[in-house]
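A.B. asks: Would you be able to build a 3D model of this:
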Amino acid sequence: MKKLIFLFAALIQLSISSNGQGVSLPANMSLNSSDFGTIVNIPIHVTSFPESIAVVIQLTYDDCALTFEGVTNLFDFGSSSPVAIYVNEYNSGIINIDIYDVVNATAFTLGTSKLLDLRFTFNGGLSDLSFVYAKYMDVSSVEHDATMTNGSVSGFATLTSNPAGGDWSSTSAWIGNFGALTEPGPGHNITIQSGGTITINTAEAKANSITVASGGQLTQQSGNLNLVDFLKISSGGSFIQNGTITCGDVSVDRYIAGGTWTTSNDGWHMLSSPMTTQAINGSFTPDPSTSYDFYGWDEAAQTWRNFKGPNFAGWNGGTNFIPGRGYLVAYQNTDTKTFAGTLNSNNVSIPVVRGGSDVYVGYNLVGNPYPSAISWNTGDWSLGNIGGVAHVWDRTAKAYVELDSPGDLIPAMNGFMVYLSNSATTSLTIPKAARTHGGTNWYKSTDERIVLLAHSPSDGSAQRTVIRFNADATEDFDLAHDGYFLQGYAPKFYSKSNNLMFSVNTLPGIIPDMEIPLGFEKTTANEFYIELAETLSNEVLYLTDNKTNTTVILSPGAHYQFTAEEGDSPDRFLIHFNPVGNTEITQPKPMVFAKGENLVVRDLKTKTLVELYNQLGQRVYNGKTDGIGMQEIGLSLPEGVYIVRLSNGIQTTSTKVFLQ
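C.D. replies: Presented below is the predicted three-dimensional model:
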């Protein structure tokens, strides 16, 4: 026995190159999904092995794709031979094969033959089968290396989530082939499609790859997510991580629409990174440098820090995205940007300051640091001196939109503005418990409130203002309930209380003869309209135009069209709940405006006759709207001034427009 131990030590440590002797595994052994979960035999062959007194072989395999079950079909030395083949799993993923006579070192000859079959349960995926060493000792006690030919086994299948969602470990949650498996395995390439949420509750979830498609939702409640290849969260997909991930690559995509590069107010987005470490350089700062803008908001200096400028890195603390910080970006070309690395999955804290003295004093641009939406200001948040109303940027409206109710959603990787009420620097902790699967809507308030929008038809911008009622509020600024007005590119439109400008104005209640002032300040355009988007039940809402001395009844979907000029008083409108004196109440009318060479008609959701006349009085267009509220009519007419006549059977209006 001592001699054999010595011989095996010598075989591993010192040997002579082979002289045509070899061992081999099957190259590219291909299986399919019906083999998942079943036993497969993988042969080992030897070639030209001479008479020997010992052979030692070690090989490795991927213990995720394969589970070692033993051996079969061993080489037959004959019933009287004392030589035996000893096989053991040295460690998970490592197999030792030793061939010898344990007592007398009897010689044997393998020649060219199949040595044995390794028996594995095939879980799916890819496993390389690699020899670490293959050695033999000839009858003269000379050690030799054998030539080694490695192999592999692979098999993959596609699984797609059931639209109803379900539990990861349940076959009913999936569409596709499992073979003999009862849950997804390392050979499955998985797509989480739009629909219900897939939830991982197992200690070890395995797959080759996972793609969370747009609208798809994946929640890892606990355990380890073991992926051979990658985890990809597509733009619009959502992932909540509460365990660990073992994976080759993790990436999150964010679709960003390009802007009209000749227009300064178009194409802006607020962006935040879902990764613990992510460089800004690269796809976020493409060539040429004139094709993008990338800014951070420096509250203390009340200025936007340009990434292309000399002071950005010093202010930002480097050239990486800071987790929990928001950035303002615009790109000339529409593109999908990719974040890659390790996902933020814990609470994220970001400093907030108040050191400025301009119109945005106290406002800090922070960001959702997760690849899922978060619920704003729910019980998991601790705001302290930070206001209960936040703001996100609405690219289409070219204005800030309020988050004024607990549970309002902030989309994945989206920046948002928060307000700090005092001068002490503090930090905002964005709680991981706030993560949720949700759509792209920035607000979903179910509270009764008044929401008014001032639209500028010429550029499509619109500014919201919100009026709410809460017995705990006052007519002054209440940190928990109110939000100051933040100016974007839309016309300024805000409610006023005690000479303060609000985007969200929460008042203690409705009292008789109550009047709520609304400020309005025009852009370069001259034509505007006010829309009532939400209102209170059981209340009639009146809008008074102080400039024209006109009062109208506003109803949901109704619009009040007006013009504004330079020098107009900003104290333009009043909202009230009873008629004012003997002022005549005017009903809303259909309206029309030009948009380039086309007409846009708002028809009060009533089919309306549209007639267009040139300056010679000739009718050049005659048609009807569909009664859908707003309709754009394409025209191919010479540039010039035209008269539009609208008639819905109740009212008739005439408006002068200029078509380009």
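
A.B. asks: pLDDT below threshold where in this structure?
C.D. replies: By pLDDT under 70, the weakly predicted segments of the chain are 1-19, 439-447, 580-589, 604-605, 629.

A.B. asks: Would you map the helices across it?
C.D. replies: In the chain, helices defined by DSSP state H lie at 2-13, 312-316, listed in chain order.

A.B. asks: quick one, strands of the stretch 201-350 of the chain?
C.D. replies: Remark: strands assigned in the stretch 201-350 of the chain by DSSP state E, counting those that start in this stretch are 204-212, 217-220, 224-233, 238-241, 244-246, 249-256, 269-271, 292-298, 303-306, 327-331, 335-340, 348-352.

A.B. asks: Return the most buried member of the ones you listed.
C.D. replies: strand 238-241 (a mean of 25; mean count of other CB atoms under 10 Å). Glycine gets a C-beta too; all of them are placed from N, C-alpha and C.

A.B. asks: Just checking: what are the partner strands of it?
C.D. replies: Using DSSP bridges, the strands paired with strand 238-241 are strand 217-220 (parallel).

A.B. asks: So what's the gap between the strand it pairs with and the chain middle?
C.D. replies: Relative to the centre of its chain, strand 217-220 is centred 12 Å away, using CA atoms, centre = their mean, to the nearest Å.

A.B. asks: Likewise for stretch 496-504?
C.D. replies: Distance, centroid of stretch 496-504 to centroid of chain: 35 Å (CA atoms, centre = their mean).

A.B. asks: sorry, back to before: now distance to N648 too, for the strands of the stretch 201-350 of the chain, in TSV please.
C.D. replies: Formatted as TSV, those follow (distance: least, CB to CB, whole Å):
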stretch	distance to N648
strand 204-212	48
strand 217-220	45
strand 224-233	49
strand 238-241	44
strand 244-246	60
strand 249-256	40
strand 269-271	39
strand 292-298	45
strand 303-306	47
strand 327-331	41
strand 335-340	44
strand 348-352	52
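
A.B. asks: what about those, which gets the closest to K624?
C.D. replies: Nearest to K624, of all those, is strand 249-256, at 37.6 Å by CB to CB.

A.B. asks: who does the closest one touch, helix- and strand-wise?
C.D. replies: strand 224-233, strand 269-271, strand 335-340 (3 or more CB pairs under 8 Å, 6 or more residues apart in numbering; DSSP states H and E).

A.B. asks: Go again with 10 Å.
C.D. replies: Contact partners of strand 249-256 among helices and strands, from 3 or more CB pairs under 10 Å, 6 or more residues apart in numbering; DSSP states H and E: strand 204-212, strand 224-233, strand 238-241, strand 269-271, strand 327-331, strand 335-340.

A.B. asks: Between these, which one is closest to P579.
C.D. replies: P579 sits nearest to strand 269-271 of all those, at 42.2 Å, using CB to CB.

A.B. asks: now that closest one: how far from the chain's centre is it?
C.D. replies: On CA atoms, centre = their mean, the centre of strand 269-271 falls 12 Å from the chain's centre.

A.B. asks: likewise stretch 528-537?
C.D. replies: Distance, stretch centre to chain centre, for stretch 528-537: 31 Å (CA atoms, centre = their mean).

A.B. asks: want to try JSON lines for the helices and strands packed on strand 249-256, with distance to G166 as columns?
C.D. replies: Output for those, formatted as JSON lines (distance: least, CB to CB, whole Å):
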{"stretch": "strand 204-212", "distance to G166": "14"}
{"stretch": "strand 224-233", "distance to G166": "17"}
{"stretch": "strand 238-241", "distance to G166": "16"}
{"stretch": "strand 269-271", "distance to G166": "33"}
{"stretch": "strand 327-331", "distance to G166": "37"}
{"stretch": "strand 335-340", "distance to G166": "28"}
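
A.B. asks: Out of these, flag the one nearest D358.
C.D. replies: strand 327-331 (16.6 Å).

A.B. asks: Would you mind stating the distance between the residue lying farthest from the centre of the chain and V103?
C.D. replies: Ranked by distance from the centre of the chain (CA atoms, centre = their mean), the top residue is S80, with 68.9 Å. Plainly put, S80 is 14 Å away from V103 if you go by CB to CB, to the nearest Å.

A.B. asks: what does H188 give?
C.D. replies: For H188, the distance to V103 - CB to CB - is 49 Å.

A.B. asks: Between the two, which is the more surrounded one?
C.D. replies: Using other CB atoms under 10 Å as the criterion, H188 and V103 rank with H188 on top: 28 against 9.

A.B. asks: check contacts around K232.
C.D. replies: K232 makes contact with 191, 209-213, 239, 249-253, 338, 340, according to CB atoms under 10 Å, 6 or more residues apart in numbering.

A.B. asks: Could you identify the most distant pair in these?
C.D. replies: The widest separation within the contacts of K232 (CB to CB) is 19.5 Å, between T191 and A340.

A.B. asks: between the strands of the stretch 201-350 of the chain, which gets nearest to G111?
C.D. replies: Between those, strand 224-233 lies closest to G111; by CB to CB that is 38.1 Å.

A.B. asks: centre of the chain versus that closest one, how much separation?
C.D. replies: Between the centre of strand 224-233 and the centre of its chain there are 16 Å (CA atoms, centre = their mean).

A.B. asks: Next, count neighbours for the residue lying closest to L409 once chain neighbours are set aside.
C.D. replies: In space, and not counting its chain neighbours, L409 is closest to G438: 4.4 Å by CB to CB, 6 or more residues apart in numbering. Counted with other CB under 10 Å, the neighbours of G438 add up to 19.

A.B. asks: quick one: G438 and G195, what's the gap?
C.D. replies: For G438 relative to G195 (CB to CB), the value is 14 Å.

A.B. asks: For I410, give its distance to A330.
C.D. replies: I410 is 20 Å from A330, where distance means CB to CB.

A.B. asks: hang on, N162 packs against T191?
C.D. replies: No - counting by CB atoms under 10 Å, N162 does not reach T191; the two are 11.5 Å apart.

A.B. asks: where do the contact lists of those two overlap?
C.D. replies: Contacts common to N162 and T191, judged by CB under 10 Å, 6+ apart, are I175.

A.B. asks: wait, what's in contact with the residue nearest to G355 when sequence neighbours are not counted?
C.D. replies: The shortest distance from G355 to any non-neighbouring residue, by CB to CB, 6+ apart, is to A300 (3.5 Å). Contacts for A300 (CB under 10 Å, 6+ apart) come out as W315, V353, R354, G355, G356, S357, V361, N364, T425.

A.B. asks: and if you look at M275?
C.D. replies: Residues in contact with M275 (CB under 10 Å, 6+ apart) are 250-252, 320-321, 323, 339-344, 369, 371, 413.

A.B. asks: again with K432
C.D. replies: K432 neighbours (CB under 10 Å, 6+ apart): I240, Q241, N242, N344, S345, N346, N347, V348, P369, Y370, I374, D380.

A.B. asks: now the residues you listed as a markdown table including distance to A107?
C.D. replies: Formatted as a markdown table, the contacts of K432 follow (distance: CB to CB, whole Å):
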| residue | distance to A107 |
| --- | --- |
| I240 | 64 |
| Q241 | 59 |
| N242 | 61 |
| N344 | 64 |
| S345 | 61 |
| N346 | 64 |
| N347 | 69 |
| V348 | 69 |
| P369 | 68 |
| Y370 | 67 |
| I374 | 73 |
| D380 | 74 |
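
A.B. asks: Tell me if I'm right that A173 and E183 touch.
C.D. replies: Yes - the pair A173 / E183 is scored as a contact, 9.2 Å apart, by CB under 10 Å.

A.B. asks: Give me the common contacts of these two.
C.D. replies: Counting by CB under 10 Å, 6+ apart, the common neighbours of A173 and E183 are D167.

A.B. asks: what about P556, distance to E566?
C.D. replies: Counting by CB to CB, the gap from P556 to E566 is 32 Å.

A.B. asks: who has more neighbours, those two?
C.D. replies: Neighbours were counted for P556 and for E566 using other CB under 10 Å; P556 has more, 11 against 7.
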